[in-house]
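Q: model this:
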Amino acid sequence: QVQLVESGGGLVQPGGSLRLSCAASRRTFGNYAIHWIRQAPGKDREFVAGITYGRITYYADSVKGRFAISRDVDANTVDLQMNSLKPEDTATYYCAATEKNEAFPVGPYDSWGQGTQVTVSS
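A: Okay, the predicted model is just below:
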């Protein structure tokens with residue numbers, strides 16, 4: 001099972017940008033599709049974006065055109081570039097790994113990170 005650690009969260013003003021990173025503990029990271037999921041206080045978890053082994057990507061409609069997911073197999077990382085952030089993007093962001101090679105939500109996931117907080121506020 002791969003272990004995941006997120007980083008890059010923080011406080012940003014509306015319209016600003018943040019880049020989240022998901023680092024994996026194992027070289028077999030390349031065998032997993034990686035998804036970003038977020039959860040706002042009092043709300044259900046929401047799929048944000050996913051990327052397959054072959055770098056096929058898929059985005060939730062709410063972030064399409066603003067967020068971009070990418071992976072670096074050599075570095076064992078998957079990043080989420082978030083631009084034009086809105087207050088409704090405020091949430092804890094998690095990366096999750098699945099051996100099902102799909103970029104869209106497939107659940108359940110094989111591994112989860114601990115999450116990183118993103119707050120969009122003026």
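
Q: which residues of this structure score low on pLDDT?
A: When residues are selected by pLDDT under 70, those of the chain lie in 27-28.

Q: Give me the most central residue, it.
A: Relative to the mean C-alpha position of the chain, the nearest C-alpha, by Cα atoms, centre = their mean, is the one of residue 36, at 2.5 Å.

Q: Which strand or helix spans the nearest residue to it once chain neighbours are set aside?
A: With Cβ to Cβ, 6 or more residues apart in numbering as the measure, residue 48 is the residue that lies nearest to residue 36, at 4.3 Å, once sequence neighbours are left out. All C-beta spots, glycine's among them, are computed from the backbone N, C-alpha and C. Element membership of residue 48, judged by DSSP states H and E, is strand 46-51.

Q: so residue 33 makes contact with residue 104?
A: No - here residue 33 lies out of contact with residue 104, judged by Cβ atoms under 8 Å, at a distance of 9.4 Å.

Q: which of the two has more neighbours?
A: Neighbours were tallied for residue 33 and for residue 104 using other Cβ atoms under 10 Å; the higher tally belongs to residue 33 (25 against 16).

Q: Which of the residues in stretch 45-54 are classified as buried?
A: Within stretch 45-54, the residues that count as buried by 16 or more other Cβ atoms under 10 Å are 47, 48, 49, 50, 51, 52.
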